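> my questions concern the predicted model and sequence given below.
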Amino acid sequence: MTVVVFLHGPAASGKHTIGRLLAERTGLPLFHNHLAVDLVTALFPFGSPGFVALRARLWLAAFEEAADAGRSFIFTFHPEATVEPGLIRELEAIIGSAGGKVLYVELACPRDTILQRLGNESRAEFGKLTDRRLYEQIERDGGFEFPPLPEPLLRVDTGRMTPAQATEAIADALQAAGAT
């Protein structure tokens, strides 16, 4: 059975760091959102119609192939306005139709911590948002608005927990849910 651990949260909430540690802890591969974003921005500017369409097709194809192969994985997602909300339901339906399940894990983080973390060197590795002013502009323009995702298996405040503590809490919740 395919299980997708769907880590979601705002920019700089620790999705990649925790996803990487969780992959090491569980043996599940990490499909970090920026893998698709980096590929697509080689052809289209972020948020453009071509970008939105190609990123969606990549995600759909990845979820479908994983479901067909019975391959579980960790996926990271930053809810934001360039993602069609219905796409999340489509991704979940693909996994569900193959008898699998999507387990949502919400990473929360105080805004002031996010703003501090934006400048971390590790964020530049994937061409992530690092400019505080740009973040604030996107925020003002509604770029981070997104409908609520399904009820998470677990909510983790990454402003209060270290990445290692968050990883252990998530691993314990996955084990309790029979997902690992």
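Cool, the structure landed. Numbers count the residues shown, from 1 in each chain.

> look up how far R25 lies from the nearest residue to L60 once chain neighbours are set aside.
In space, and not counting its chain neighbours, L60 is closest to E90: 6.5 Å by C-beta to C-beta, 6 or more residues apart in numbering. (Glycine included, C-beta is placed from N, CA and C.) Distance of E90 to R25, given as C-beta to C-beta, to the nearest Å: 29 Å.

> do I have it right that V105 meets V3?
No - with contact defined as C-beta atoms under 8 Å, V105 and V3 do not form a contacting pair (11.7 Å).

> after the lowest-mean-pLDDT helix or strand in the chain comes which helix or strand?
One helix or strand of the chain scores below all others by mean pLDDT, DSSP states H and E: helix 121-124, with a mean of 78. As assigned by DSSP states H and E, the chain's next helix or strand after helix 121-124 is helix 132-140.

> neighbouring contacts of that following helix?
With contact meaning C-beta atoms under 8 Å, 6 or more residues apart in numbering, helix 132-140 is reached by A11, I114, L115, L118, G119, L129, F144.

> show me which of the residues you listed are buried.
Neighbour counting by 16 or more other C-beta atoms under 10 Å classes A11, I114, L118, L129 among the contacts of helix 132-140 as buried.

> okay if I get those residues as CSV plus distance to P150?
Shown next, in CSV, are the buried ones among the contacts of helix 132-140 (distance: C-beta to C-beta, whole Å):
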residue, distance to P150
A11, 21
I114, 23
L118, 28
L129, 25
